[in-house]
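1. kindly return the folded structure for what I paste below:
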Amino acid sequence: MLETIGRKTLAVDIEGDGDPVVFLHGLGSTSSVWEPQVMAFRDRFKVVRYDLEGAGRSPLSEAPSIASWVSDLAALLDKHAIAKARFVGHSLGTLILQHFAVLHPQQVAKLAFIGVNRAPPDARRAAVRERVAKVRAEGIPSIAAGIVKGGLSPHTFSSKPEVVGFVRELLLRQSTEGYAACCEAMASSNAAEISKIDCPVMVIAGDDDAISPPANGSGFAGELAHGTFQSIEKCGHWHPIEQPAALNKILGEFL
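-> Here you go, the predicted structure:
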């Protein structure tokens with residue numbers, strides 16, 4: 001459902017009753033990636049998910065940034081009178097939530113970070129900007145196969161072809177400029193002061209995740225005041241749809 005949030009139009013979906021849980025997707029994704037989690041938790045929680053500006057059904061109104069996405073999240077919570085919530089982020093969504101939690105600690109009860117993303121090192125920034133140039137010159141289909149191959153577990157390729165197709169479709173359905181702008185925002189991002197995050201945090205990694213390997217997740221959890229780490233077998237970087245049952249079990253116990 002399209003809603004006016006501040007000065008922007010965002011695609012927002014809310015299901016269920018109870019304490020609110022807000023889900024933020026990653027780069028090249030949409031709120032649809034959370035369908036297995038919504039189905040699992042809407043009987044226990046008010047489940048809020050939305051497409052970031054520039055992604056999926058949320059049109060691009062200005063060049064996004066981590067700061068603007070944080071402001072959008074704050075405006076969304078304000079519009080729906082959500083004073084405090086649990087938050088679940090995937091990949092880029094975890095970076096947005098790190099900054100949100102530092103700026104708005106009073107609104108954060110718990111955090112779950114899946115395939116945790118930090119501000120990229122210089123080599124990674126350069127690679128993402130090269131991707132942006134390729135997408136603008138040749139379109140998203142020119143990079144889709146590489147993104148899909150690099151993000152999924154070998155087990156997913158051999159046993160779950162429908163997931164491979166879904167990830168490909170998530171990418172190909174992005175607008176060219178929206179995806180490019182989201183990539184630029186990530187490439188320009190700064191690290192959050194995670195030492196200021198004082199709430200319980202669950203950090204989750206996929207054993208086969210080449211984008212955010214388990215060592216990244218366990219190291220990140222170790223830097224937090226109240227961080228816990230768990231990994232999921234036979235899982236790449238698209239945890240919500242590669243291993244939904246295992247992820248839902250971890251989230252259910254934590255949330």
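2. residues touching His25, list them.
-> Shown in contact with His25 (C-beta atoms under 8 Å, 6 or more residues apart in numbering): Ser31, Val33, Trp34, Arg49, Asp51, Leu52, Ala55, Gly56, His90, Ser91, Leu92, Gly93. Every residue, glycine included, has its C-beta placed from N, CA and C.
3. mind putting these into CSV with secondary structure and pLDDT?
-> As requested, the contacts of His25 are arranged in CSV below (DSSP: H, G, I helix; E, B strand; the rest coil; pLDDT from 0 to 100):
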residue, secondary structure, pLDDT
Ser31, helix, 98
Val33, helix, 98
Trp34, helix, 98
Arg49, strand, 98
Asp51, coil, 98
Leu52, coil, 98
Ala55, coil, 98
Gly56, coil, 97
His90, strand, 98
Ser91, coil, 98
Leu92, helix, 98
Gly93, helix, 98
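4. in ChimeraX, select just the buried ones from those.
-> Buried residues within the contacts of His25, by 16 or more other C-beta atoms under 10 Å, are selected in ChimeraX with:
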select :31,33,34,49,51,52,55,56,90,91,92,93
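5. can you list the contacts of His25 in CSV and add distance to Arg173?
-> Formatted as CSV, these follow (distance: C-beta to C-beta, whole Å):
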residue, distance to Arg173
Ser31, 12
Val33, 12
Trp34, 16
Arg49, 16
Asp51, 11
Leu52, 14
Ala55, 10
Gly56, 7
His90, 17
Ser91, 17
Leu92, 17
Gly93, 18
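6. which of the contacts of His25 lies closest to Phe157?
-> Relative to Phe157, the closest of those is Val33; by C-beta to C-beta it sits at 17.9 Å.
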